[in-house]
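Q: Show me the folded form of this:
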Amino acid sequence: MSKNGFTQPTNEAKHIVFDLGGVLIDWNPAYLYQRIFRSQEAMGYFLKNICTFEWNEAQDGGRSIADATQILVQRFPEYTFEINSFYRFWPEMLGGAITGTVDLLSRVKSNQNHSLFALTNWSAETFPVAMERFEFLQWFEGILVSGEEKLKKPDPLFYKRLEEKYALNSSKIVFIDDNLRNIAAAERLGWDVIRFQNPALLETEFFNRGLL
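A: This next block holds a predicted model:
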């Protein structure tokens with residue numbers, strides 16, 4: 001993104017780096033827990049106070065599912081079934097592909113001037129499920145998974161590892177993520193950033209950059 005918020009269209013080859021969850025893949029624990037809990041209030045309490053975002057992020061950073069589950073069961077034994085369900089039925093949290101974004105990915109892929117990569121906060125133990133389910137993940141030249149690298153966004157070392165592993169020029173990277181924290185970290189490294197909100201707005205951002 002330029003300083004004035006407008007990016008001039010360009011045909012220069014770019015490294016296009018996608019986040020996955022929330023951008024290309026719809027993932028939401030509520031898809032599972034709305035079947036387990038009898039009320040939205042009970043489900044909301046559980047996801048806010050027990051199987052929290054921060055707890056899940058630790059698995060994205062490399063903590064094992066077994067260790068993570070044991071920690072919570074010991075703290076909240078009255079929720080043993082619900083806690084164990086998080087990973088036992090984890091695939092039910094995948095709502096499917098975000099088709100509009102996948103269509104844009106396909107269109108960008110057809111422009112062979114650009115290279116495609118993914119940088120994702122994801123548990124190493126669950127990511128193989130996504131690889132098997134979503135064929136478009138095979139379109140990337142490289143995917144860096146936080147759980148495998150033991151680093152996660154917004155740690156700048158995770159972004160730098162992508163640059164180093166695939167010899168990417170930071171000034172030619174366009175990064176798409178739905179999380180403002182992750183976007184800000186990438187921008188500090190000199191990456192051109194797009195905050196994902198919906199496929200239509202992403203298409204406009206791609207058009208402005210000459211990527212389509």
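
Q: Buried by neighbour count: which residues of stretch 130-140 qualify?
A: Of the residues in stretch 130-140, 130, 134, 136, 137, 140 count as buried by neighbour count, 16 or more other C-beta atoms under 10 Å. For the C-beta atoms, the positions are set from N, CA and C on the backbone; glycine is no exception.

Q: same deal with stretch 178-195?
A: Applying 16+ other C-beta under 10 Å to stretch 178-195 flags 179, 182, 183, 185, 186, 191, 192, 193, 194, 195 as buried.

Q: what's the answer for stretch 166-181, then?
A: Applying 16+ other C-beta under 10 Å to stretch 166-181 flags 168, 170, 172, 173, 174, 175, 176, 177, 179 as buried.

Q: okay, which residue of the chain is out on the far edge from center?
A: Residue farthest from the centre of the chain, counting by C-alpha atoms, centre = their mean, is residue 78 at 31.4 Å.

Q: From residue 71, how far off is that residue?
A: Distance, residue 78 to residue 71, by C-beta to C-beta, to the nearest Å: 15 Å.

Q: likewise residue 192?
A: Distance from residue 192 to residue 71, by C-beta to C-beta: 39 Å.

Q: One more: residue 107?
A: For residue 107 relative to residue 71 (C-beta to C-beta), the value is 43 Å.

Q: on that earlier part again, is it possible to get CSV of the buried residues of stretch 166-181 that adds distance to residue 66?
A: Output for these, formatted as CSV (distance: C-beta to C-beta, whole Å):
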residue, distance to residue 66
168, 35
170, 37
172, 41
173, 36
174, 38
175, 33
176, 33
177, 29
179, 27
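
Q: out of those, who's nearest residue 43?
A: Of all the buried residues of stretch 166-181, residue 179 has the smallest distance to residue 43: 22.5 Å, by C-beta to C-beta.

Q: For that closest one, which residues are in contact?
A: 19, 22, 153 (C-beta atoms under 8 Å, 6 or more residues apart in numbering).

Q: In PyMOL, select just the buried ones from those residues.
A: The PyMOL selection below is limited to those of the contacts of residue 179 classed as buried (16+ other C-beta under 10 Å):
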select buried, resi 19+153
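
Q: Just the contacts of residue 179: which are in strands?
A: Taking DSSP state E, every one of the contacts of residue 179 sits outside strands.

Q: List just the nearest of the contacts of residue 179 to residue 210.
A: For the contacts of residue 179, the closest approach to residue 210 (C-beta to C-beta) belongs to residue 19, at 21.4 Å.

Q: got a pLDDT number for that closest one?
A: Looking at residue 19, its pLDDT is 98.

Q: Equivalent analysis for residue 112, please.
A: pLDDT at residue 112 comes out at 78.

Q: repeat for the one 5 residues further on
A: Note on residue 117: pLDDT of 98.

Q: ditto for residue 171
A: Value listed for residue 171 in the pLDDT field: 95.

Q: show me the contacts for it.
A: residue 190 are the contacts of residue 171 under C-beta under 8 Å, 6+ apart.

Q: Pop the domain breakdown of the protein in here.
A: Domain assignment for the chain by automatic domain parsing gives 15-24+98-208, 28-93.

Q: so which of these is the most packed in?
A: Burial of the domains of the chain is given as mean neighbour count (mean count of other C-beta atoms under 10 Å); domain 15-24+98-208 ranks first at a mean of 17.

Q: and the end-to-end length of it?
A: Start-to-end span of domain 15-24+98-208 (C-alpha to C-alpha, to the nearest Å) is 16 Å.
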